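> pasting the structure only:
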């Protein structure tokens, strides 16, 4: 059914997810006018969920074709620029996780946001952000990438500051806007250098040309791009905006920001920096390894000090970006396929874990209206489902079997050992133990602590849609934990295909 | 068959959670059902194990660059271990029924319990290193939750300490496993011996040291034992039974299954056996002396576990087939006897409410059945002939005499001395708890209900039968060792 749309306008069916998202997003403003009349704007969340669900279904429907045909590229040419669209497994891999988290967040938002006004705008922005993210996975030239990137980034600024009558979100939103805007500018600067050196912005072309230009120019250009992606992905030392912005946003948006938006930077690195490194591969690999080590260690130590549960989770996101960088640095340092696959796998498992963690936290905040860990001790007595899912996600993030985090973490360490980056492997395991410490500390207080007055008086399970969102993600986590084969298969195949493309 | 058993155990966890809300503590009977089924199924295949071992291989993760099989082997080495895991956990879950009757959240307890059992069974049967590590970590989380949720004293701190110690050990194990994977491209335990043969002696030594430290944390080899006395003493007693009786022994099994094949040429040298046997000796003597000075019943038993782990490590360290045979048999016996003794301690907590031996005494007249069972357990640990512990300790010392170490006679003499210490603290335990004057506050104590007595009696009975006919178990172990020693 869905491929009819794409074929009508002459696009390959591989683009279905994107086309569906565009159609659903375009209808949202009209629907919101109608629904505002009957004061039921929150049900736009169901509309958004439906869109994400259809897009997800069409992604899976097209998956076999994409696997068998490798990658399909299309160019839309203008006199000076050409926009390249790519349909490949790497993109699909990211699309799947982007859509899963968006779906759960939209569903969660229906109940979570019901006390707010302007929900028409909220859901439109949410859909635009997902559209931007999914759009990124289909682009393979820096110009289109930048345009779609900005679509996603601008929606996310507004969403962080969505509760504009409060101080904290506005402050965090402005900080986010300034830092991330600076990042975009640096990226644009880098893109202009790329165009200057190679005369093209197409991914395949730049990866071929860039590796032939002198080392100084190459280093400079790639550094600019890396900083641009790195600010979005919150590398050391560019992560200062993240611990403010992610907690200040509404919880479903935090889930998306921490779960998938920061991963857009990782996608950028995989798509444009890994293939172009050429002669500076080794030095870039070491640089990334050092960034990775600093990112995870500093963020981990800071996480130990937090009382605000969302801030703790935000720091944990930075730590996990550090973990993903283990994979990327081993990829660039020699183990291209395994390193990239490990990084992608961790993108997937971290998005699931962190998405669930923020949504469960959201369920807690919806009921208790506090983010202080001290005030929610003993939560397990009153909100068993919320606490259990939160614990599940934390254990997955800590890399405990039988949960997905285990499968990606050992793979990351394996790739580092394989690439002979021993110090990174050892730091990685040490950091994962450090991470276990604070997850465990949180778990103990939530599960085994004496319930506080607030918990005893106000604690009750949250509304049904929030619970459904939590259950969906938990089920996916448990299934992947016991049967990780399909995800491994996809990640390894995707990284193999993309590596052979260059 | 084994994946089905594991699946049954894991699926039983949510089932018991749902049923347990209505059944309360009686859910323990239901919880033991799949464990009994697994035990019976494994007993049915006993003839295959003597011949070739029972093998099952499935695919788990299968890609071009990485493949992890889901494979199992039951042979003489792990057959006794998996039998004792299932036997003790089945009995401990029945024992929990009465023990937990006044606790809260019994359904959650039994749900974790099932996962814990699944983790142990999986770890003991896995033949792929990643799969092994998966189950190895799976047994950690539920046991942590069980201690933190239902333990005694400062249980949250104790559980936290347990988790951290074990996790730090796991890091070393993971690094070792991944290093093996990177040099050979394979995670199969079957290939470890041939991988080990290709390594240089230095790398083999480093790898063996990493693994011995990693598994040593779980085995609580001195000086890596810091977590054990507290965790085993403060855990809820049925969990202490499992922790001391079967879980720490899985570390020893891993040593035999994973570390020995890869490092055999380095291990089986005069120097290495001497050092490792001395390490075992230190644990034996240290655990024994510490046990002598305890006042708390469960702490005494916990230190006794450190001492007994020293025996088992000693047998393995000697690197002779007879010593390893003795160690594996001792795993079985220690599961029976230490399980029995911890259950006795649980009876004291449940019936008398006191675990401090200074306040106990004279209970033999009030609870005669418990007292006689405790005597059987204590004498078994002390190595009295006629109870199974004697046979395995004898085999361990025989293994030590056959080893290559030049100082073996001195070491064996000291080890026999350690047995005297065991006999010392065990007789002290019996005397202080069951004999002497009966104080006023405990004069109403009496024997526990049959749900607690029957599991204890079954353990004691098995220990006596095996003391008379040790070949019931030993005949499986010997053919299994040929795999290791070839």
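Here it is on my side, so go on. All values reported here derive from a predicted model rather than from experimental measurement.

> For residue B:44, grab the count of nearby residues.
Neighbours of residue B:44 under the rule other CB atoms under 10 Å in any protein chain shown: 10. Every residue, glycine included, has its C-beta placed from N, CA and C.

> State which helix of chain B is the longest.
helix B:155-184 (DSSP state H).

> Pull out the buried positions in that helix.
Judged by neighbour count using 16 or more other CB atoms under 10 Å in any protein chain shown, the buried positions of helix B:155-184 are B:155-156, B:158-182, B:184.

> Mind giving me the packing neighbours of it?
For helix B:155-184, the packing partners by 3 or more CB pairs under 8 Å, 6 or more residues apart in numbering or on different chains; DSSP states H and E come out as helix A:404-418, helix A:422-447, helix B:129-138, helix B:140-150, helix B:192-198, helix B:201-219, helix B:228-234.

> Quick check: which of those helices is nearest to residue B:52?
Shortest distance between residue B:52 and those, using CB to CB, is found for helix B:192-198: 17.3 Å.

> Residue B:67 - nearest residue in space that isn't next to it in sequence?
Spatial nearest neighbour of residue B:67, excluding adjacent residues (CB to CB, 6 or more residues apart in numbering or on different chains): residue B:61 at 6.5 Å.

> would that neighbour count as being in a helix?
No: applying DSSP: H, G, I helix; E, B strand; the rest coil, one finds residue B:61 to be strand, outside a helix.

> so it sits right up against residue A:485, yeah?
Yes: counting by CB atoms under 8 Å, residue B:61 does reach residue A:485; the two are 5.2 Å apart.

> Between those two, point out the one with more neighbours.
Counted by other CB under 10 Å, residue B:61 and residue A:485 do not tie: residue B:61 has more neighbours, with 23 against 16.

> so who does the more buried one touch?
With contact taken as CB atoms under 8 Å, 6 or more residues apart in numbering or on different chains, residue B:61 is in contact with A:407, A:484, A:485, A:488, B:67, B:68.

> Need the worst-confidence member of those.
Lowest in pLDDT among these is residue B:67, which has 83.

> Can you spell out which residues form a bridge with that residue?
Residue B:67 has these beta-bridge partners by DSSP bridges: residue B:62.

> mind checking pLDDT for the closest residue to residue A:12 other than its chain neighbours?
Distance criterion CB to CB, 6+ apart; nearest residue to residue A:12, sequence neighbours excluded, is residue A:72 at 5.9 Å. Looking at residue A:72, its pLDDT stands at 76.

> Kindly report the same for residue A:262.
pLDDT, residue A:262: 91.

> Can you name the residues that contact it?
Applying CB under 8 Å, 6+ apart, the residues contacting residue A:262 are A:232, A:233, A:234, A:242, A:317, A:321.

> and these near chain B, which?
With CB under 8 Å from any CB of the partner chain as the criterion, the contacts of residue A:262 include none near chain B.

> Mind picking the two most distant members of those residues?
Checking these with CB to CB, the most distant pair is A:232 and A:317, at 12.4 Å.

> who has more neighbours, those two?
Set residue A:232 next to residue A:317 and count neighbours by other CB under 10 Å: residue A:317 wins out with 29 against 26.

> Quickly note the distance from that one to chain B.
Distance, residue A:317 to chain B, using CB to the nearest CB, to the nearest Å: 22 Å.

> burial measure for the nearest residue to that residue once chain neighbours are set aside, as a count.
The shortest distance from residue A:317 to any non-neighbouring residue, by CB to CB, 6+ apart, is to residue A:258 (4.2 Å). Residue A:258: 31 surrounding residues under other CB under 10 Å.

> Would you agree residue A:258 is in contact with residue A:354?
Yes: at 4.9 Å, residue A:258 counts as touching residue A:354 under the criterion of CB under 8 Å.

> what touches both of those two?
With CB under 8 Å, 6+ apart as the test, residue A:258 and residue A:354 both reach A:313, A:317.

> Need the per-residue pLDDT for the nearest residue to residue B:160 once chain neighbours are set aside.
Of all residues not flanking residue B:160 in the chain, residue A:440 sits nearest, at 6.4 Å (CB to CB, 6+ apart). Note on residue A:440: pLDDT of 85.

> is it true that residue A:440 touches residue B:163?
Yes: between residue A:440 and residue B:163 there is a contact under CB under 8 Å: 6.1 Å.

> shared neighbours of these two, which are they?
Joint contacts of residue A:440 and residue B:163 (CB under 8 Å, 6+ apart) are residue B:144.

> sorry, back to before: now do the same contact list for the residue nearest to residue A:12.
Counting by CB under 8 Å, 6+ apart, residue A:72 has contacts A:12, A:14, A:66, A:86, A:87, A:88.

> Mind listing the residues bridging to it?
What pairs with residue A:72, by the bridge criterion (DSSP bridges), is residue A:87.

> give me the number of residues near residue 437?
I went with chain A, as the question did not name one. 17.

> could you do chain B instead?
6.

> Could you double-check that it lies in contact with residue B:362?
Yes: between residue B:437 and residue B:362 there is a contact under CB under 8 Å: 5.6 Å.

> Outside of stretch B:42-49 itself, list whatever touches it.
B:1, B:54, B:74, B:75, B:76, B:79, B:82, B:83, B:86, B:476, B:480.

> distance of the fourth one from chain A?
The span separating residue B:75 from chain A equals 25 Å under the rule CB to the nearest CB.

> neighbours around that residue, how many?
24.

> Quick check: closest non-adjacent residue to it.
Residue B:75 sits nearest to residue B:53 (CB to CB, 6+ apart), 3.5 Å away.

> Contacts only, for that neighbour.
Residue B:53 neighbours (CB under 8 Å, 6+ apart): B:73, B:74, B:75, B:76, B:480, B:483.

> and the third one, what are its phi and psi?
Spelled out, that is residue B:75. In terms of degrees, to the nearest 10, the main-chain angles of residue B:75 are phi -130, psi -170.

> do the same with the fourth one
Backbone torsions of residue B:76, given as degrees, to the nearest 10, read phi -60, psi -30.

> That one: how many residues sit nearby?
23.

> Chain A versus that one, what's the distance?
28 Å.

> Next: the second one.
Computed as CB to the nearest CB, the residue B:74 to chain A distance reads 22 Å.

> residue ranges of the helices in the stretch 1-150 of chain B, please?
B:2-23, B:27-44, B:46-51, B:79-99, B:106-125, B:129-138, B:140-150 (DSSP state H, counting those that start in this stretch).
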